[in-house]
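Visitor: Take a look and give me a structure for this.
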Amino acid sequence: MDFTQILVNGIVLGALYACIAVGFSLVWGVLNVINMMHGSFIILGGYLTFFAWFHLQIDPVLALPVVAAILYALGFALQYLFINKVVTAPVLTTLTLTFGLDMILYNLMTVFFTATPRRVTMDLGSIEVLGAVMPKDRLLGMALAFVLTGILYLVMRGSRIGRAIVAVRMDRQAAALMGIQVNRIYAITFGIGALMAGAAGAVFAMVFPVTTNLTGTFLGKAFVICVIGGLGSVPGALVGGIALGIIESFAGYLIGPQHAITLGFLIMLVLLVVRPTGLVGVKGYE
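Guide: Alright, predicted model coming up:
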């Protein structure tokens, strides 16, 4: 009974983690940019969803696509206006730029929204799943996370823009010779990464409280998931997120929740040594 409950908890948490990390993985894999703003994008999505629900009485599920669109526009603008100018520079340059932009966004959120934890309260009751009792809001969050991740996978595999993104990831120069506007694809990719982060924040706010103090936590988990699953792929983020969720769930039960995060980072370090590509990653994206 305990095993089933822990496993279901881990899968639910892992689905949220996958949704959190997939945008970060995409930007890192395609642009070779470590987006330090990713955690703040997630919190911004959660805050916007909360205020739409609390002040405007908009259902959070209905608010989600609007929040995602706002984050896409913000990500596209930041990439097009600032990051594109240094995107081919060494990683340290883009890392420093996104860190500076993150500090601005983080402090703006703290000033206007404060750091008070906020959560969309959805009293949907509970349901029994394989002998485990789960709140319906968590199951809804898991379902939305899987749907969002699945939509991104279909876009990357079946759409023209998705194929252009993959082409740029594989060979920027060859893609440019084929007529692809590389800078525009970079901006679209960064916008999609911000969109997924905002959508993940909206989903997360339906399940757990969100606060600006969590920006670093989310960014750290995105790093771990990318290393576990593999960089630059949607399946890699999904596998890494589910794996980390299950690991943290069992670790929290066996050795205490205060050590669960530490175990995740230890596994990341081991994988960096023995399998830098991650569980389902591709060589060249270590």
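Visitor: residue contacts, G245?
Guide: Counting by CB atoms under 8 Å, 6 or more residues apart in numbering, G245 touches 10-17. C-beta here means a position set from N, CA and C on the backbone, and glycine is covered the same way.
Visitor: Please produce TSV containing these, extended by neighbour count and pLDDT.
Guide: Shown next, in TSV, are the contacts of G245 (neighbours: other CB atoms under 10 Å; pLDDT from 0 to 100):
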residue	neighbour count	pLDDT
G10	23	90
I11	17	91
V12	24	90
L13	25	91
G14	25	93
A15	26	93
L16	24	93
Y17	32	94
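Visitor: ok, the residues you listed vs P276, which is closest?
Guide: Closest to P276 out of the contacts of G245 is Y17 (20.5 Å), distances taken as CB to CB.
Visitor: about what we covered before: export the contacts of G245 to a markdown table and tack on secondary structure and distance to S40?
Guide: As requested, these are exported to a markdown table (DSSP: H, G, I helix; E, B strand; the rest coil; distance: CB to CB, whole Å):
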| residue | secondary structure | distance to S40 |
| --- | --- | --- |
| G10 | helix | 26 |
| I11 | helix | 27 |
| V12 | helix | 24 |
| L13 | helix | 21 |
| G14 | helix | 23 |
| A15 | helix | 22 |
| L16 | helix | 17 |
| Y17 | helix | 17 |
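Visitor: So which residues of the stretch 1-150 of the chain form strands?
Guide: 126-129, 132-135 (DSSP state E, counting those that start in this stretch).
Visitor: Looking at those strands, spot the one closest to G252.
Guide: Using CB to CB, the strands of the stretch 1-150 of the chain put strand 132-135 closest to G252, at 15.2 Å.
Visitor: now the closest one, how far from the chain's geometric center?
Guide: On the basis of CA atoms, centre = their mean, to the nearest Å, strand 132-135 sits 25 Å off its chain's mean C-alpha point.
Visitor: Name every strand pairing with that strand and say which way it goes.
Guide: Looking at strand 132-135 with DSSP bridges, its partner strands are strand 126-129 (antiparallel).
Visitor: and F265, what pLDDT?
Guide: Per-residue pLDDT puts F265 at 85.
Visitor: Equivalent analysis for L26, please.
Guide: On the pLDDT scale, L26 gets 91.
Visitor: Distance of it relative to N32?
Guide: L26 is 12 Å from N32, where distance means CB to CB, to the nearest Å.
Visitor: The two: who's more crowded?
Guide: L26 (26 against 17; other CB atoms under 10 Å).
Visitor: I'd guessed that one sits against M196; true?
Guide: Yes. At 7.4 Å, L26 counts as touching M196 under the criterion of CB atoms under 8 Å.
Visitor: Buried residues of the strand or helix carrying I151, list them for me.
Guide: Assigned by DSSP states H and E, I151 belongs to helix 136-158. Across helix 136-158, burial judged by 16 or more other CB atoms under 10 Å covers 137-142, 144-145, 148-149, 152-153, 155-156.
Visitor: Now for F50: which residues touch it?
Guide: Applying CB under 8 Å, 6+ apart, the residues contacting F50 are 118-120, 205, 210.
Visitor: Most widely separated two among the residues you listed?
Guide: Checking the contacts of F50 with CB to CB, the most distant pair is V120 and V210, at 9.2 Å.
Visitor: Below-threshold pLDDT in this structure: ranges please.
Guide: 1, 281-286 (pLDDT under 70).
Visitor: Quick one: residues contacting I151.
Guide: I151 makes no contacts at all, as judged by CB under 8 Å, 6+ apart.
Visitor: hmm, try it at 10 Å
Guide: By CB atoms under 10 Å, 6 or more residues apart in numbering, I151 lies in contact with 196, 199, 234.
Visitor: Okay, and which of those residues map to helices?
Guide: Judged by DSSP state H, the contacts of I151 include 196, 199, 234 as members of helices.
Visitor: And stretch 71-89, what's buried?
Guide: Buried residues in stretch 71-89 (16+ other CB under 10 Å): 71-72, 74-76, 78-80, 83-84, 87.
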